[in-house]
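Peer 1: Fold the following, please.
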Amino acid sequence: MAISPLAGKPAPKEMLVDLSRLEREYFDCHPDVDDPAQQVSFGTSGHRGSSFRRSFTEAHILAITQAICDYRRAHATDGPLYMGKDTHALSGPAQRTALEVLAANEVPAIIQRDDGFTPTPVVSHAILVHNRARTDRLSDGIVITPSHNPPEDGGFKYNPTNGGPADTDVTQWIEHRANELLRAGNTDVKRMGFSAALRAETTRRADLVLPYVNDLRNVVDMDAIRDAGLKLAVDPLGGAAVHYWEPINEAYGLDIAVVNPQVDPTFSFMTVDHDGAIRMDCSSPYAMAGLVGLKDRYRVAFGNDADADRHGIVTPGAGLMNPNHYLSVAIWYLLTHRPDWPGAAVVGKTLVSSSMIDRVVNKLGRRLSEVPVGFKWFAPGLFAGSCCFGGEESAGASFLRRDGKVWTTDKDGPIMDLLAAELTARTGKDPGEHYDALTAEFGTAYYTRIDAPAMPEQKARLARLAPEAVRAPNLAGDPIIAKLTRAPGNDAPIGGLKVVTGNGWFAARPSGTEAVYKIYAESFKDDQHLQAILADAQQIVSEA
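Peer 2: Alright, predicted model coming up:
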């Protein structure tokens, strides 16, 4: 992977997005409904696009919001809909558009007062708190965010009544209905003016900050953090959690330094990511260069992406921790420091996450559930309390309350940040030091992900492979012990292939947006063995 010469450096002014043009094109541009790239398309995290590419415009949001209203009506969901937005420039206009449709459809909608921002986990938490012990008037939610994507992007996702990311059957229904509306020129969309929508009886502005902040004590040991007096810092990367940290400090007597309190939709304060783009990726050492540079001033520092559903953990010894490393430590700590969790609850991980997690879970006598990529696969188990932790290699995770009940069913960056402080406070060692101890016990994991070119027909073939198509007996000199096209945790199709040996593995999945397939690989021998796995992986995929 080529690294941009700008990587890790402050974003130059000429890179900054033209906010006026971006918003103007959101309202003025109309998608070509015959171009698949300009249609509504729900991926693993909702619909994403940009008004510059005519893939995220007012027309899209009108259609998607009406489709959600139709879905709610068809499924008798008539409780309040919590709607949050992040700090991307298109999120504000999209929320206004959505509110016009929700009000016209008489959907009770709750938004953060004072035009504030709301992280993804806060919407999930609010849905679950409202729905607790209810059988009617159930709540759901919308989060307007493209997550860590560049400043010119917008995103729109739906969380149903279980509080988590919508499953494929839901998103396909909404996507189909939205494109049907788009093709008809949105003539069936109900809409009223924004001022009228704000005044509508169905629209309520509430404080969503304090209910979440005050409940944190029930998922993280906030007293232990306070009593340890740790020197902590956070960089919200200009995202939706930016105004949550001072209330957290005040509620729990903490002194977490907010090293970057700015909100700027151009994200001009960011350092540039590996590929030369501005991207609020809290697991990228290039995007997080500012916080990594302060690592020796704080015992633990952390950051979150724009909707705060991902986490990045910085320690003096490790710098920015690889997400797989922190997930392994978090799981070890939680399984040994949550005595009220149900013993039968599984630990969930995506199949492209590190096998270090497998070794930790096995050592502690717990059961692992390995699922396809996408946090939606963890939502039912977290909701029921049958899954105590769900995590993915892209730095998204959530876990149960201290009493073993559901906290959120979507990724929660702030609790993963605070957990790093808790485990440091209670053990006297930071997450980086704990990962060193895991490698001493279980071996060093060498992990990577690369993109390999693939034509559309090759991508389609990879997505529907059968295990029998893999004819090679060995991978990097080791006997193959498993060939997977379905996830062992829930038997769901993985949309690709995973091949496992006693010393390593690879997984290959076609990209949904580019002419490439992604290869994830890991070795417990050395980097040379990892490179051999990658070489064999490309050969196996090309021959399958």
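
Peer 1: and the closest residue in space to N260 that isn't next to it in sequence, what are its phi and psi?
Peer 2: Closest residue in space to N260, ignoring its immediate chain neighbours: D235 at 4.7 Å, by C-beta to C-beta, 6 or more residues apart in numbering. All C-beta atoms are positioned from the backbone trio N, CA, C, and that covers glycine. Backbone torsions of D235, given as degrees, to the nearest 10, read phi -120, psi 100.

Peer 1: who's in contact with D235?
Peer 2: Counting by C-beta atoms under 8 Å, 6 or more residues apart in numbering, D235 touches 258-260, 288, 290-291, 301-303.

Peer 1: Low-confidence stretches in this protein?
Peer 2: By pLDDT under 70, the weakly predicted segments of the chain are 1, 512-514.

Peer 1: Is V189 in a helix, a strand, or coil?
Peer 2: Three-state assignment for V189 (DSSP: H, G, I helix; E, B strand; the rest coil): coil.

Peer 1: residues near it, how many?
Peer 2: Counted with other C-beta atoms under 10 Å, the neighbours of V189 add up to 22.

Peer 1: Looks to me like H88 is in a strand.
Peer 2: No: with three-state DSSP as the criterion, H88 is located in coil rather than a strand.

Peer 1: And stretch 193-207, end to end?
Peer 2: Taking C-alpha to C-alpha, to the nearest Å, stretch 193-207 runs 24 Å from one end to the other.

Peer 1: Could I get the buried residue list for it?
Peer 2: Using 16 or more other C-beta atoms under 10 Å as the test for burial, stretch 193-207 gives 197, 200, 202-203.

Peer 1: now swap in stretch 471-490 and tell me
Peer 2: Neighbour-count burial for stretch 471-490, counted by 16+ other C-beta under 10 Å, picks out 475-476, 478, 480, 483-485, 487-489.

Peer 1: Could you do stretch 46-65 as well?
Peer 2: When burial is assessed from 16+ other C-beta under 10 Å, stretch 46-65 yields the following buried residues: 46-52, 54-65.

Peer 1: Of these, which belong to strands?
Peer 2: Among the buried residues of stretch 46-65, DSSP state E puts 46-50 in strands.

Peer 1: could these go into JSON lines alongside distance to D167?
Peer 2: Listed next are those as JSON lines, based on distance: C-beta to C-beta, whole Å:
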{"residue": "G46", "distance to D167": "13"}
{"residue": "H47", "distance to D167": "16"}
{"residue": "R48", "distance to D167": "18"}
{"residue": "G49", "distance to D167": "22"}
{"residue": "S50", "distance to D167": "26"}
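
Peer 1: Which of those sits closest to L334?
Peer 2: Closest to L334 out of those is G46 (28.4 Å), distances taken as C-beta to C-beta.

Peer 1: Got the phi and psi for the residue lying closest to the closest one once chain neighbours are set aside?
Peer 2: Once flanking residues are discounted, G46 sits nearest to K157: 2.7 Å by C-beta to C-beta, 6+ apart. Phi and psi for K157, reported as degrees, to the nearest 10, are phi -130, psi 150.

Peer 1: burial count for K157?
Peer 2: Neighbours of K157 using other C-beta under 10 Å come to 26.

Peer 1: what does T97 give?
Peer 2: Other residues near T97 come to 25 when the count uses other C-beta under 10 Å.

Peer 1: let's have the chain start at 60 instead
Peer 2: Sure thing, new numbering starts at 60, so read that last one as T156.
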